[in-house]
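Asker: only geometry, no sequence info:
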């Protein structure tokens, strides 16, 4: 928060993580419904819309005027408005779809057997799920003046992270409900983790060598600078390499690899959002602001209207 | 700050006021209703600023009613420095002060009462009038550091100081000698920019690559304090390369042959190791000035503040104009002479009322003759003969401040028992702060007229609240020495119980029996008296401001053709008989800087760097505005300039707190590493104190912590023998990192 | 009618008067600055050095990334190019702050909205100049209608060597810098 030039913080990161995970889960579940290749545990279906709602809740809390949060639905040209509508639909439709799988509902609501309706819901959830999984990445990618974000790469990496954490959520739910979908998705998890292991170093390499000076510097921070340990240990190590290792060596440790995924995913979102604090600074800007008061200096508080002049 | 003021509402008046926060005194329009200023803006019709306002002008309303303003007269209770004051009435305060002054006069003589002033901001003729009528010759300002030695030496040479740079008359070359309008004279800087577009050359002589230097054709980063050597070398080049104005020299000067002989030794090669400048650069600059005529040398405080070498430097610089004929010609430096049309400051001072035996007691006049009664008397006599009037005595003829402070402490040459302070915080602005602080603590009676509770005010026995810019009218006429004047009216009557400094001196004078000598009840009446003879047919000063505002007489060049120069020979004296008469070198003779590595190598061993305590910088003005938090926000901590090579040598990084130490003491500022300064030079910022801290003892608002005047030298050995300037520039210092600085100290 | 500003860096001396005029007359929170003035240098090595200043402000871009991204529609651009924020609609989601390459937008924690330089549009409708332009002693800031061939901004943009900040981002900024 540099003299009122506020930037997004952990709440946005948490939203990207939760909503991305939830939305990907919805999409995967929808795919499973349409293809009947595998089953998704009820716990995951129920968790998904809740997680997206939690993310939405954080977004609202992040606002300067949370009680006027409804205003963000107003501008059709804005990605955020597009995202808000889709998140809302994802929450509602996701909850409705999940409800149909509750034994109490399945027993009483005849619509559960309406194949057209259910397929329609699934198609919608597939599309909306993918949208919510990917639009934050697109949002970041369009920030031309945020050197770590700018360009298509971050959109791909964000979608990938949504996917991998969605799969991990499902895996985790499977592990605790003793259902069988875990085995089917194992390959998806492995493939995603391998992709993530390869794509992140590639992204950093491209940033570091083939772009502008500011982007190269931003990448350097991740490779060997102040963000390096969080990247190499958290995102890369825990969230990617370890997942691959566990999947290959001890595939039955489902819960463990899922947790590694989630830790890596949360780290990823947080690190990326924080990297957004760096703008493509104008010459002299940083030195100017660095020399300004931080906010706790005595002179800022020393004189108020009520103070007597005799007091020092 | 309200933004939606309807200035077109009923009852809103527009007053033609002025900013008053620096000498440029830009015009300000104040929108007033019911004695409240709603809004201010720059006056687009005022010739100085054409609507522009700098940082300081813009915060006028924040200054006007700032919570820390002193608004009521205060009288000390308890020990000095404890900070216990009781509110009293003006009547009570003035009565008691008058009684005490009368008492001191009875026991020790009127000369035991001294006054200290600041820069501008006051009607100094009123102060002088009071002191003359009271019988004391010991009034002073920071005049020795600010223009006065220049004025007096240049007047000695050519009969009136040629301070009016006639840039608009077609100047082809401007030398900024120790002056940085880019940071302290905004309208001036604009004028320079416009002229540069027309081809005028700009030479900047300054140890630092300032805002003005950045726009210059030539930058001469000389060793601080070595201006005398540089100016003498320029004289050498201009004379020996035949670049002088032969006609002017033959017809209008005396002593050229003597001067030629005298400066033969001062070659650029001789000057190079003293000024740290390449001889070719010295030549190039001298040639540029001499060959691009008409040319101007803009005065700056730097030479005045050099101490011991000031007089020699000013003298040499003054002769440059003379030998190039850049005197009173179109586009060059003009001697306006005093105004014959309006009543000058000097004529308001009642100088005739100070008896000769009191004049003789003026502290410092035995030593520093030029800016005290001995020199002033000579000069005034000459100017009266030729111009008809004399220069302002309050400024040009003053007691020597360091000697007065020492008189308070040592009772030599005699005791000084009272100090009346108006518009200055001496501990901040006068040299050798520790000595000044001690004097303030020990003087028997200390009275301060102030806007703020400064450390000086906090040590005072009485504090009187004074109205500022928007609360008072103003006449500017270059300290009473120009033939033009600009006027501004007050926007509102003073708030709370503030009064003007004029009101203070008048009321005090009346209480001390100066009856009939103060016929003007308000300062507007006094101003009206002064402008009456201009013949504008106005019935009040306010009407003058509203309808006329300024008086610029028709420019007359080559006035000397009619009246001669106000010197004994009636010519420009390249060999000055007046200086000779006063016991000074009649031609500028090299003097090294007050402390320097050539003359004091042992000192230089311990203090290897050269210090200059610098000039103005935005958004402050001397020690002002540190409590305007909107301005303080931009530069909230003190920084000193140091070359990166030197900083590395001492392990200092950009932004580190470091001590800068001289033989007088040390201060702490943060390091600003810059290539814009020579490796052996260090430049501290001036003016720093911390008004947000405890004003009372022991803190005294941190007035010794980062204040450059802790480092400066005022002992007689460091002062200029001619004018008494003490040494702020070119001193020897050392720098080292501040250890164990917890948190962000200094704020 | 398209408002634009030209900043003549040859004249700017880094006095910060524009910064102070803006924040004082707009009543900004003490630590909020719409237009910082950056010092560049002295660059080089003593004594061959160079110094300049860059006043920074909202560029009132022709392709402003901050307008379309606003989900509430608070961030708008007028036909004359002035970009502003309708305070009643803003909820301070900070999207616009994040999107601006020039750091022109600021979050006000008291009002819960974002705010920025709006070329003093209320003064424009009275025929006055923005505060930063009016206050500048050096006349380093020139403001006017870029569509008007008689205006000073038009002439300067078309005759002097001008540069813009971050042109590579495609924002089409409408503050032009005259460089020496």
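Answerer: It's in. Bear in mind the structure is a predicted one, so any value in this text is a computation, not a measurement. Numbering: from 1, shown residues only, chains lettered A, B, ... in the order given.

Asker: how about the strands in chain C?
Answerer: C:3-8, C:37-45, C:48-55, C:75-77, C:83-85, C:106-108, C:113-115, C:141-145, C:162-163, C:175-178 (DSSP state E).

Asker: could you export the ones you listed to JSON lines, including columns for mean pLDDT, mean neighbour count and distance to residue B:493?
Answerer: All C-beta atoms are positioned from the backbone trio N, CA, C, and that covers glycine. Written out in JSON lines, the entries for the strands of chain C read as follows (pLDDT from 0 to 100; neighbours: other Cβ atoms under 10 Å in any protein chain shown; distance: least, Cβ to Cβ, whole Å):
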{"stretch": "strand C:3-8", "mean pLDDT": "98", "mean neighbour count": "24", "distance to residue B:493": "40"}
{"stretch": "strand C:37-45", "mean pLDDT": "96", "mean neighbour count": "17", "distance to residue B:493": "37"}
{"stretch": "strand C:48-55", "mean pLDDT": "97", "mean neighbour count": "19", "distance to residue B:493": "38"}
{"stretch": "strand C:75-77", "mean pLDDT": "97", "mean neighbour count": "19", "distance to residue B:493": "46"}
{"stretch": "strand C:83-85", "mean pLDDT": "97", "mean neighbour count": "22", "distance to residue B:493": "40"}
{"stretch": "strand C:106-108", "mean pLDDT": "96", "mean neighbour count": "21", "distance to residue B:493": "37"}
{"stretch": "strand C:113-115", "mean pLDDT": "97", "mean neighbour count": "23", "distance to residue B:493": "37"}
{"stretch": "strand C:141-145", "mean pLDDT": "97", "mean neighbour count": "21", "distance to residue B:493": "36"}
{"stretch": "strand C:162-163", "mean pLDDT": "96", "mean neighbour count": "13", "distance to residue B:493": "50"}
{"stretch": "strand C:175-178", "mean pLDDT": "98", "mean neighbour count": "21", "distance to residue B:493": "43"}
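
Asker: which of those strands sits closest to residue B:670?
Answerer: strand C:37-45 (15.5 Å; Cβ to Cβ).

Asker: hmm, residue B:29 and residue B:43 touching each other?
Answerer: Yes. Between residue B:43 and residue B:29 there is a contact under Cβ atoms under 8 Å: 4.9 Å.

Asker: between the two, who's got more neighbours?
Answerer: Regarding residue B:43 and residue B:29, a neighbour count based on other Cβ atoms under 10 Å in any protein chain shown identifies residue B:43 as having more, with 25 against 20.

Asker: quickly list what the closest residue to that one other than its chain neighbours is bridged to.
Answerer: In space, and not counting its chain neighbours, residue B:43 is closest to residue B:27: 3.3 Å by Cβ to Cβ, 6 or more residues apart in numbering or on different chains. Taking DSSP bridges, one obtains residue B:18 as the residues bridged to residue B:27.

Asker: any idea how far residue B:27 lies from chain A?
Answerer: In this structure, residue B:27 lies at 29 Å from chain A, with Cβ to the nearest Cβ, to the nearest Å as the measure.

Asker: which residues touch that residue?
Answerer: When contacts are counted by Cβ atoms under 8 Å, 6 or more residues apart in numbering or on different chains, residue B:27 touches B:16, B:17, B:18, B:19, B:42, B:43, B:45, B:46, B:48, B:49, B:488.

Asker: show me what the helix or strand the first one falls within is packed against.
Answerer: Residue B:16 belongs to strand B:13-18 when assigned by DSSP states H and E. The elements that strand B:13-18 packs onto, with contact taken as 3 or more Cβ pairs under 8 Å, 6 or more residues apart in numbering or on different chains; DSSP states H and E, are strand B:27-33, strand B:485-488.

Asker: try 6 Å
Answerer: Applying 3 or more Cβ pairs under 6 Å, 6 or more residues apart in numbering or on different chains; DSSP states H and E, one finds that strand B:13-18 contacts strand B:27-33.

Asker: for chain C, what's its nearest residue on the stretch 1-150 of chain A.
Answerer: residue A:64 (2.6 Å; Cβ to the nearest Cβ).

Asker: now stretch B:596-616: how far from the chain's centre is it?
Answerer: The gap between the average C-alpha position of stretch B:596-616 and the chain average comes to 24 Å, counting by Cα atoms, centre = their mean, to the nearest Å.

Asker: just stretch C:122-135 next, same as before
Answerer: For stretch C:122-135, the gap between its own C-alpha mean and the chain's C-alpha mean amounts to 13 Å (Cα atoms, centre = their mean).

Asker: same question, stretch B:39-49
Answerer: Averaged C-alpha coordinates place stretch B:39-49 at 24 Å from its chain's average position (Cα atoms, centre = their mean).

Asker: now do it, average pLDDT.
Answerer: Per-residue pLDDT values over stretch B:39-49 give a mean of 93.

Asker: show me the helices in the stretch 151-300 of chain A, by range?
Answerer: Listed in chain order, the helices found in the stretch 151-300 of chain A under DSSP state H, counting those that start in this stretch are A:153-177, A:181-210, A:213-223, A:228-229, A:242-249, A:254-275, A:285-290, A:298-301.

Asker: so can I have TSV of these showing mean pLDDT and distance to residue B:468?
Answerer: Conversion of those to TSV gives the following (pLDDT from 0 to 100; distance: least, Cβ to Cβ, whole Å):
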stretch	mean pLDDT	distance to residue B:468
helix A:153-177	93	57
helix A:181-210	87	57
helix A:213-223	92	48
helix A:228-229	91	57
helix A:242-249	89	70
helix A:254-275	93	48
helix A:285-290	95	31
helix A:298-301	93	21
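
Asker: tally of neighbours for the spatially closest residue to residue A:267 that is not a sequence neighbour?
Answerer: In space, residue A:267 comes closest to residue A:234 once its chain neighbours are excluded; the distance is 3.6 Å by Cβ to Cβ, 6+ apart. Using other Cβ under 10 Å, residue A:234 is surrounded by 20 other residues.
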